[in-house]
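K.L.:
model this:
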Amino acid sequence: MVMVLYIVGIGPGSSDYITPAAAVAVKNSDTVFGSKRALELFPDVNEAIVLGAGDMNEKLEMAAGLAISRKVSVLSTGDPGFSGVLKPIKRIISEKKLDVEVQVIPGVSSVQLCAARLLIPWDDADIVTFHGRDEEDMVDIINNGRPTIILPSRTPSETARFLIESGVNPERCVAVCERLSYPDERVVEVKLRELLESEFSYMSIIVLI
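P.N.:
Numbering: from 1, shown residues only. I've put the predicted structure just below:
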């Protein structure tokens, strides 16, 4: 019998956005992998293994290997298919030729929540991620006249510096959505140049309006 590896989208951070399907998959798993922040949402798991930035690939390989013989869930903040763990898990299983079926349980991403907070219809905006991408290729999209929702790979101030140096108008209006779904959530609208001296956490989404 082929075992199933569940990749579970757990939402933007608050337990309010965990779907019933995600909760059931985690509850029924023998081992659950996830970041410390993600695992804190599920204090009663049978066995928890922390994923860190420094050992991400190693731990994902471990998760895929364990899934051959036990029920395993890998927690992915937001939705697994957008800057999540779906891509590396698929690569690992393919390279190692593991007899494991992958099932994805979608989650609410911070990008979705950002668009909701700012009342931006999805079909009126472009959505880009700087995670694992060549940022130089993104500038043409950003300057096409439509709102652009950016999932950055650095802080808002560093991202603003890159955008301005790449030719984006420093007077362009932007919104920063920080720590979405948490009690200290912030949504701030400023000029792009004002972000240069800003202090936002890495848990931020930038929208060029």
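K.L.:
Distance check, D123 against R146.
P.N.:
10 Å (Cβ to Cβ, to the nearest Å). For the C-beta atoms, the positions are set from N, CA and C on the backbone; glycine is no exception.
K.L.:
So for the two, which sits in the more crowded spot?
P.N.:
The neighbour count for D123 versus R146, taken as other Cβ atoms under 10 Å, is higher for R146 (12 against 5).
K.L.:
is it true that that one lies in a strand?
P.N.:
No - the assignment for R146, made by DSSP: H, G, I helix; E, B strand; the rest coil, is coil rather than a strand.
K.L.:
Which residue comes closest to it once chain neighbours are left out?
P.N.:
D126 (5.4 Å; Cβ to Cβ, 6 or more residues apart in numbering).
K.L.:
Tell me what that neighbour is bridged to.
P.N.:
T148 (DSSP bridges).
K.L.:
list the contacts for it?
P.N.:
By Cβ atoms under 8 Å, 6 or more residues apart in numbering, the contact list for D126 reads I141, I142, N144, R146, P147, T148, I149.
K.L.:
L98 too?
P.N.:
L98 touches A64, G65, A67, I68, I92, counting by Cβ under 8 Å, 6+ apart.
K.L.:
If you tally nearby residues, what's the number for the second one?
P.N.:
By the other Cβ under 10 Å criterion, the neighbourhood of G65 contains 16 residues.
K.L.:
my read is P183 is in a strand, agree?
P.N.:
No - using three-state DSSP, the assignment for P183 is coil, not a strand.
K.L.:
all helices for the protein, in order.
P.N.:
20-27, 36-39, 56-66, 86-96, 110-117, 139-142, 156-165 (DSSP state H).
K.L.:
buried stuff in the third one?
P.N.:
Neighbour-count burial for helix 56-66, with 16 or more other Cβ atoms under 10 Å as criterion, is recorded at K59, L60, E61, M62, A63, A64, G65, L66.
K.L.:
ok, the first one - contacts?
P.N.:
Under the criterion of Cβ under 8 Å, 6+ apart, the contact list for K59 reads F33, I49, V50, L51, G52.
K.L.:
From L119, how far out is V102?
P.N.:
35 Å.
K.L.:
out of these two, which sits in the busier spot?
P.N.:
The residue with more neighbours, out of V102 and L119, is V102; 17 against 6, by other Cβ under 10 Å.
K.L.:
So what's the residue count around the closest residue to that one other than its chain neighbours?
P.N.:
Distances taken as Cβ to Cβ, 6+ apart put L5 closest to V102, at 5.3 Å, once the chain neighbours are dropped. Neighbour count for L5, taken as other Cβ under 10 Å: 26.
K.L.:
All good on my end, thank you.
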